[in-house]
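here is a sequence together with a model predicted from it:
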Amino acid sequence: MLGAALLAAATDAPAQEAGSAITFSCAFKVECLAPGGCSDTTFEAQLAVDPRLTGSAPDAVLSSVSGSVDLTLYADAFGDMAQTGATFAGKGAGAFHTIAREPDGDAVYTVTMEDGPLVITYLGRCEAPE
């Protein structure tokens, strides 16, 4: 899982957990490399979102067993992310990270390397807490 290694590299600075974060459980089933193709995967991560969604860093932290990266709200989706969806972006360890979650839970996580061209895209779901 190349993306897991890239997320691990993004741990140069410790992530800051937002107070009262709402954690979405993400499970990605498809990994696509560009250039390259797609294959099955079992990459899992947690998206801890600060419910205040201020648009200033960090609004969220994406974490896996490999590491974490701070993210900032990118889309105009202030409010209940479980209902409206949202897009977050951040930069860490030579890569730009973007995660978008639709209201139905579908999610896309993309890592774009500065030294490339190399783009890794994960397709899956980020489920809202019950």
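That came through fine. Numbers count the residues shown, from 1 in each chain.

contacting residues for Glu114?
For Glu114, the contact set (C-beta atoms under 8 Å, 6 or more residues apart in numbering) comprises Gly94, Ala95, Phe96. Every C-beta, even on glycine, is put in place using the N, C-alpha and C of the backbone.

surely Ser25 meets Gly124?
No: with contacts counted by C-beta atoms under 8 Å, Ser25 stays clear of Gly124, the gap being 10.4 Å.

of the two, who's got more company?
Gly124 (21 against 14; other C-beta atoms under 10 Å).

quick check: the gap between the most centrally placed residue in the chain and Pro35.
Residue closest to the mean C-alpha point of the chain, counted by C-alpha atoms, centre = their mean, is Ile99 at 4.0 Å. The spacing between Ile99 and Pro35, counted by C-beta to C-beta, to the nearest Å, is 22 Å.

over to Ile120?
Counting by C-beta to C-beta, the separation of Ile120 from Pro35 is 11 Å.

and what of Thr112?
With C-beta to C-beta as the criterion, Thr112 and Pro35 are 13 Å apart.

helices and strands around the helix or strand containing Leu33, which ones?
Per DSSP states H and E: Leu33 is located in strand 22-34. With contacts defined as 3 or more C-beta pairs under 8 Å, 6 or more residues apart in numbering; DSSP states H and E, the secondary structure elements packing on strand 22-34 are helix 2-9, strand 38-49, helix 81-84, strand 106-113, strand 119-127.

out of the ones you listed, which comes closest to Val30?
strand 119-127 (4.2 Å; C-beta to C-beta).

hmm, who's touching the closest one?
2-3, 6, 24-34, 41, 43, 47, 99, 101, 105-113.

one more: stretch 21-41?
1-3, 42-51, 60-62, 81-82, 99, 101, 107, 109, 117-129.

which among those residues end up buried?
Using 16 or more other C-beta atoms under 10 Å as the burial test, the contacts of stretch 21-41 include 1, 3, 43, 45, 47-50, 60-62, 81-82, 99, 101, 107, 109, 118-128 as buried.
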